[in-house]
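Trainee: My questions are about this predicted structure, shown below with the sequence.
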Amino acid sequence: MVDSILVVGKTLAPGGTGISDKVEFSYVCGAIDGKHVAIKKPRKSGSLHYNDKGFFTLVILAVVDPYYKILWADVGAPGSISDYGISNRSNLQLSLPEGIIGFPDPEPIPNDDEDTAYFLIEDDAVPLRTFLLKTYSKRYLEVEERVFNYRLSRARRVERECIRSARRALQMPPHHPGCINRDCDGHNRGLPHTAQHVQEVED
């Protein structure tokens, strides 16, 4: 398994001028989600890469910003492992709490003097953390909770559109972290508003 962190700088950029402007969701630095990439079954791998959709895959777990830029990617987990399992033992879960990848300093929301922290948004498959926000999952929701779920789901469309746009670069399963760096950096350089350097941190 390849476990690699791709970081644009040491601090995630505020998403207030990106996601907020697009879908009215402030203090979001990026969205995190996973995607299965179809592969030919590796030799002597048994059912390790066989997913619940009936084919063999590697999993890409990525964080993207409001401008479809890939900020971080874990590529190479076998398809039989869930997004929850990948995220729970990935470098991202260590890098954020330990400050290896940092968030911008908290800022007060308009017309308030109390600071609000920045965070990432995620789907239901990824475990909830203090720096990760997800939708309410209970069956019967109040009106405010349904509105919250709707707006967070709209914000997460950025991540899904980014993965679709990067599909061609990421279809070839990488053999080492440098290949992941190259493909993600190449995707980022083809977009407006992107940084010119991607830093890689390995295990």
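Mentor: Sure thing, it's come through.
Trainee: Which secondary structure elements does the longest helix along the chain sit against?
Mentor: If you go by DSSP state H, the chain has its longest helix at helix 143-165. Contacts defined by 3 or more C-beta pairs under 8 Å, 6 or more residues apart in numbering; DSSP states H and E place helix 143-165 against helix 19-23, strand 28-38, strand 57-64, strand 119-121. All C-beta spots, glycine's among them, are computed from the backbone N, C-alpha and C.
Trainee: could I get these as a markdown table with distance to residue 44 and mean pLDDT?
Mentor: Below are these laid out as a markdown table (distance: least, C-beta to C-beta, whole Å; pLDDT from 0 to 100):
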| stretch | distance to residue 44 | mean pLDDT |
| --- | --- | --- |
| helix 19-23 | 44 | 56 |
| strand 28-38 | 19 | 78 |
| strand 57-64 | 16 | 78 |
| strand 119-121 | 37 | 84 |
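Trainee: coming back round to it: quick one: the longest helix of the chain to strand 57-64, angle?
Mentor: Per axes from the mean of the first three to the mean of the last three C-alpha atoms, to 10 degrees, the angle that helix 143-165 makes with strand 57-64 is 120 degrees.
Trainee: Pull the contacting residues for residue 48.
Mentor: Contacts for residue 48 (C-beta atoms under 8 Å, 6 or more residues apart in numbering) come out as 42, 78, 80.
Trainee: could you flag which of these are buried?
Mentor: Buried residues within the contacts of residue 48, defined by neighbour count using 16 or more other C-beta atoms under 10 Å: 78, 80.
Trainee: What about the contacts of residue 48, which are in strands?
Mentor: Counting by DSSP state E, the part of the contacts of residue 48 found in strands is residue 78.
Trainee: Reformat the contacts of residue 48 as a markdown table; add distance to residue 105 and pLDDT.
Mentor: What follows is the contacts of residue 48, written out as a markdown table (distance: C-beta to C-beta, whole Å; pLDDT from 0 to 100):
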| residue | distance to residue 105 | pLDDT |
| --- | --- | --- |
| 42 | 44 | 79 |
| 78 | 38 | 79 |
| 80 | 40 | 79 |
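Trainee: from the contacts of residue 48, which is closest to residue 71?
Mentor: residue 78 (23.6 Å; C-beta to C-beta).
Trainee: That closest one and residue 113: what is the separation?
Mentor: 49 Å (C-beta to C-beta, to the nearest Å).
Trainee: again, but for residue 156
Mentor: Counting by C-beta to C-beta, the separation of residue 156 from residue 113 is 30 Å.
Trainee: Tell me which of these two has more neighbours.
Mentor: residue 156 (23 against 6; other C-beta atoms under 10 Å).
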